[in-house]
Structures are given as structure tokens and as C-alpha cells.
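Colleague: Provided below for reference: sequence and predicted model.
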Amino acid sequence: MKKSKVLGLIPARGGSKGLPRKNIRLLAGRPLISWTINSALKSKYINSVVVSTEDREIADISKKCGAEVPFFRPKKLSQDKSLRNEVVLHALNSIKGFDYVVLLQPTSPLRRTIDIDQSIELCVKSEMPFCVSVTKAEKNPYWMFTIKKNGGLSSILSGQIPNRRQDVEPIYILNGAVYVTDVKWLIKQKNYVYSEATAYEMPVEYSVDIDNENDIQYLEYICSSEKQV
């Protein structure tokens, strides 16, 4: 892979309505964000691991885990409705000189270093400006419906509904774990353009995205089970 300077960016705001303080919530005895910081620090391509936050406690914990916090994110970019691309562009405007930026959300703690490195390699080798991690969807939209006012079913997809699962192509969903982008391209586009992305497939078991208390409890069970093996 050609020599490039790569920024690993971890967005971690302090506010979270669904799961308060989730980015530093303990998972198997460690702050949630530390799982992502640790994986990023082990990457053979990432030159700097930076946390973008407006929260001093998150900043202190991140620094203790080995990440850099060279700036604080503005409050206006730390709201429920703040957009992912705006957070990344703010970081790129604050620290310059990188060829690629790898967005790593702390809510994907099972993401492995190999997932990060192979996503970077795929983005560079494919000559695509954007690589995003995906995983196979458990449910196929061919068997999804809306309910009409008269109570009837209306398929969300047009065409004949297949009779067997084997008759349809696999469907993939974004798992939120890894976003690799060419910095110049992202600054020009100002957004993630998925039509210009190449996909890196991750196994379902490493694609858990923490959104609520049930997700935390599930991962606690997974982690405790692995310790017993």
C-alpha cells in the first residue's frame, strides 16, 4: 500500500438520551470508548488516534487510554441532530496534513484491528474515495410490508415476491463500525456519498452496535462467556 498519512477519528459526545454517558459506560470493566481506542492504536496504518468530544471527562479518559484530544468539539456539533460528516469536517479543519480519515464510532466495541486495516487497504487498492463496513442483514426487504388503511399488506419492494430465501441475493446493511475516506474527496463532497463507496464486509458477530441497555447487557454476556472458554 502506498505511503499515506492516516487519521483515526473517534467521535464521542457527552450527551446521549437513549443510554446516558454511553461512550464511557463500563463494558467488561473498561470504558466503552477504550475498546475502539485500543483497536485503533494497534493499526499498522493509522498515524494518530484522535477523539472528538465536547466533554472533559471523556477527554481525560481518552487520553489515559492513549488517544489524543487536540481540540474540543463545539456544542453545536454535539447535539442529537448533529451530523456525522460535520463532525469529521470540523476535525479535518482543526488538524491538517492527513490523506485519509478513518471514522471509528465507539459504539462498535467488537470491531477488530484487522477490520480497520483491511478497510483502509481496500479503500486504497480499489482506488475508490470511500470504504464503509457492512454486514449481512438478517431480514430481507422482499418480505417486508406496510399496512394499508384497509388493513391489507403492501410490499415495500416492487415485483414478484420470491417464495424461497435462497432465490434472492444477500442484502447488506451499514454496521457503523468503519468509515474510510480520502480527505480531499470528503472536503470537496462535504458528505459521505455511498454511491462512490466500496464495501468491506464484516462478520455479524463483530458488528454489534450499542444503542440501548439491552445491547450493553448482551455484550457483557458475550465478554463473560469468552473469559470462561
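Modeller: Right, received. Where do you want to start?
Colleague: neighbours around Leu122, how many?
Modeller: Neighbour count for Leu122, taken as other Cβ atoms under 10 Å: 18. From N, CA and C alone the C-beta is placed, and that goes for glycine too.
Colleague: Equivalent analysis for Lys125, please.
Modeller: 12.
Colleague: Need the three-state assignment for it.
Modeller: Assigned state for Lys125: helix (three-state reduction, DSSP: H, G, I helix; E, B strand; the rest coil).
Colleague: For the closest residue to Asp211 other than its chain neighbours, what is the enclosing helix or strand?
Modeller: In this structure, Asp211 finds its nearest non-sequential neighbour in Gly18, 6.1 Å apart by Cβ to Cβ, 6 or more residues apart in numbering. For Gly18, there is no enclosing helix or strand under DSSP states H and E.
Colleague: where's Gly18 relative to Arg84, distance?
Modeller: 17 Å (Cβ to Cβ, to the nearest Å).
Colleague: Check which residues of the lengthiest strand in the chain are buried.
Modeller: For the chain, the longest strand by residue count, based on DSSP state E, is strand 172-182. Buried residues in strand 172-182, counted by 16 or more other Cβ atoms under 10 Å: Leu174, Asn175, Gly176, Ala177, Val178, Tyr179, Val180, Thr181, Asp182.
Colleague: Pull the residues that contact that strand.
Modeller: 84, 88, 99-105, 107-108, 111, 115-116, 119-120, 122-123, 129-137, 192, 199-202, 206-207, 209 (Cβ atoms under 8 Å, 6 or more residues apart in numbering).
Colleague: again, but for stretch 61-77
Modeller: With Cβ under 8 Å, 6+ apart as the test, stretch 61-77 has contacts from 10-13, 24, 31, 33-34, 37-38, 40-41, 48-54, 59, 82, 86-87, 90-91, 94-95.
Colleague: how far is the helix or strand bottoming out on mean pLDDT in the chain from where the chain is centred?
Modeller: Lowest by mean pLDDT, DSSP states H and E among the helices and strands of the chain is helix 213-228, with a mean of 77. Mean C-alpha position of helix 213-228 versus that of the full chain (Cα atoms, centre = their mean, to the nearest Å) differs by 20 Å.
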